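A.B. asks: need coordinates for the following:
(one chain, ligands or ions: 1)
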Amino acid sequence: MCRTRGAGEGARARSIHLLVPSLFFAHTEGEQNEEPMKLRTNLLLTLLLCAVTLMLTVDAHGQAGMLKDDFGKTPEGQSVDIYTLTNSHGAEVKITNYGGIVTSLKVPDRTGRLADVVLGFDNLDAYLKGHPYFGAIIGRYGNRIAKGRFTLDGVEYKLAVNNGANHLHGGIKGFDKVVWNARPLKVGNGAALELTYLSKDGEEGYPGNLSVKVTYTLTNANELKIEYSATTDKDTVVNLTHHSYFNLAGQGEGDILKHKLFMNANRFTPTDEGSIPTGELRSVRNTPFNFLRMTEIGARINEPDQQLQFGKGYDHNFVLNGKIGTMRLGARVYEAGSGRVMEVWTTEPGMQFYTGNFLDGTLTGIGGRVYQQRYGFCLETQHYPDSPNQAKFPSTILKKGGRYHTVTVYKF
Ligand code: GLA
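C.D. replies: This next block holds a predicted model:
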């Protein structure tokens, strides 16, 4: 991919390259008939020059890096920071340890021009005032648990009910609203931030002390990689995800209806009116949920389809094809104006595709951009909603002593 900064650096690297042959020939021409010893020395010198040139070429590209800044304080007085991770191509992600929120993600378009492709705010107060999970880590359970109840090892657990009659995204104070411990990590292929959080036994009604680790890496291949892991001291349920709202034309640059989507899913999980899965794994064939061929998100969004009416658009879990636990392509999105492509790779069994149906112009983001309905879409890799109450869905139980581990990559 071509990038503005990268292009300049490329030119610098090329000019160093051009110097090498002229040095070589200037030196060797006058000494053509000298003894072989001198020739060998020249050859060695040339090789040395080539090696230095190679090193300079590599060095001429940018370096991945990390900056830490103060992002304010929570009402309880906890200090919050914001980290800026850059990769060797100048792509940049800003992550705050409040909610593990990605506040901004700058990636190149087809000409190398960077734009911020996620909805977000540039100050902590805006996040504290309330927002629909922009860019956040979601836990302990991403998406809904019917009536906020489930039974595990013969005990019924009652969770916070915060979405109609149901529990959504971990409850009233989910992982998106807590302050995580943050630690920059040294990695060879980009910049990485490790976030850890101890969710106490009983928090939001869940059993077990859950020790959670989420590592964000901005790789030099323009990927935002998210690795989630967790352990517990008592059997519990876990389903972690990430809730960025993407707009590949740039945040605030209109709606996402013209973006084209491929979803690697032959089936989806239809829901009732409250967005709780019925338990059926329904074929996408002959429905507006068929994205097996790249199709504009908006092409069928207003069709008189009961599922679309329940979700006020797309707000559904897709059953990803391929083996659970192995990295595979879940979705690909293309925006023709910018030429940006985003791929989502994951080990997870499902993906919630949500088209920002509840955005309504009441939130103003970075640069004064007003977020209207469908100005962003989410691709939340996950286990299926309400799995703790659905015996036929892949299990979300984490046993005492077991380790939860999933990986998702957003690649640009
Ligand atoms: C998820 C849910 C949606 C909505 C958004 C946040 O994607 O499935 O119904 O709650 O989060 O607004």
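
A.B. asks: Phe134 contacts Ser244, correct?
C.D. replies: Yes - Phe134 is within contact range of Ser244, at 7.5 Å (criterion: Cβ atoms under 8 Å). Using the backbone N, CA and C atoms, a C-beta is placed for each residue, glycine as well.

A.B. asks: so what sits against both of these two?
C.D. replies: Residues touching both Phe134 and Ser244 (Cβ atoms under 8 Å, 6 or more residues apart in numbering) are Val118, Leu119.

A.B. asks: what does the stretch 1-150 of the chain put close to the ligand?
C.D. replies: Residues of the stretch 1-150 of the chain lying close to the ligand (Cβ under 6 Å from any ligand atom) are Pro132, Tyr133, Asn143.

A.B. asks: mind listing what the last one touches?
C.D. replies: Residues touching Asn143, when contacts are defined by Cβ under 8 Å, 6+ apart, comprise Leu168, His169, Asn239, Thr241, Asn317, Gln352, Glu380, Gln382, Pro385, Asp386.

A.B. asks: for the residues you listed, give me JSON lines that also has neighbour count, pLDDT and secondary structure.
C.D. replies: Formatted as JSON lines, these follow (neighbours: other Cβ atoms under 10 Å; pLDDT from 0 to 100; DSSP: H, G, I helix; E, B strand; the rest coil):
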{"residue": "Leu168", "neighbour count": "23", "pLDDT": "98", "secondary structure": "strand"}
{"residue": "His169", "neighbour count": "25", "pLDDT": "98", "secondary structure": "coil"}
{"residue": "Asn239", "neighbour count": "26", "pLDDT": "99", "secondary structure": "strand"}
{"residue": "Thr241", "neighbour count": "29", "pLDDT": "99", "secondary structure": "strand"}
{"residue": "Asn317", "neighbour count": "30", "pLDDT": "99", "secondary structure": "strand"}
{"residue": "Gln352", "neighbour count": "24", "pLDDT": "99", "secondary structure": "strand"}
{"residue": "Glu380", "neighbour count": "22", "pLDDT": "99", "secondary structure": "strand"}
{"residue": "Gln382", "neighbour count": "25", "pLDDT": "99", "secondary structure": "strand"}
{"residue": "Pro385", "neighbour count": "27", "pLDDT": "99", "secondary structure": "coil"}
{"residue": "Asp386", "neighbour count": "26", "pLDDT": "99", "secondary structure": "coil"}
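
A.B. asks: I'd like these laid out as TSV, including distance to Tyr157.
C.D. replies: Output for those, formatted as TSV (distance: Cβ to Cβ, whole Å):
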residue	distance to Tyr157
Leu168	16
His169	17
Asn239	14
Thr241	20
Asn317	22
Gln352	23
Glu380	23
Gln382	20
Pro385	17
Asp386	14
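
A.B. asks: all strands for the stretch 201-350 of the chain, in order.
C.D. replies: Assigned strands in the stretch 201-350 of the chain, in chain order: 210-219, 223-232, 236-237, 241-242, 260-263, 267-269, 282-283, 295-296, 315-319, 328-335, 340-346, 350-354 (criterion: DSSP state E, counting those that start in this stretch).

A.B. asks: which one of those is the most hemmed in?
C.D. replies: strand 241-242 (a mean of 28; mean count of other Cβ atoms under 10 Å).

A.B. asks: that strand: how far from the chain's middle?
C.D. replies: Here strand 241-242 shows a centroid-to-chain-centroid distance of 8 Å under the convention Cα atoms, centre = their mean, to the nearest Å.

A.B. asks: so which elements touch that strand?
C.D. replies: strand 137-138, strand 378-382 (3 or more Cβ pairs under 8 Å, 6 or more residues apart in numbering; DSSP states H and E).

A.B. asks: hmm, the last one touching the ligand?
C.D. replies: The reference is to strand 378-382. Yes - using Cβ under 6 Å from any ligand atom, strand 378-382 comes into contact with the ligand via Cys378, Glu380.

A.B. asks: so the one residue in the stretch 201-350 of the chain that gets nearest to the ligand bridges to which residues?
C.D. replies: Per Cβ to the nearest ligand atom, Asp315 is where the stretch 201-350 of the chain lies closest to the ligand, at 4.6 Å. Judged by DSSP bridges, the bridge partners of Asp315 are Tyr354.

A.B. asks: ok, it touching Tyr354?
C.D. replies: Yes - with contact defined as Cβ under 8 Å, Asp315 reaches Tyr354; the gap is 4.8 Å.

A.B. asks: which residues of the stretch 1-150 of the chain score low on pLDDT?
C.D. replies: Confidence mapping of the stretch 1-150 of the chain against pLDDT under 70 gives the ranges 1-61.

A.B. asks: where along it do the strands fall?
C.D. replies: According to DSSP E, counting those that start in this stretch, the strands that the stretch 1-150 of the chain contains are 65-73, 79-86, 92-96, 102-108, 114-116, 137-138, 144-145, 149-152.

A.B. asks: in its sheet, which strands sit next to the third one, and in what direction?
C.D. replies: Read it as strand 92-96. strand 79-86 (antiparallel), strand 102-108 (antiparallel).

A.B. asks: my guess is Asn389 meets Tyr141, correct?
C.D. replies: No - with contacts counted by Cβ under 8 Å, Asn389 stays clear of Tyr141, the gap being 11.4 Å.
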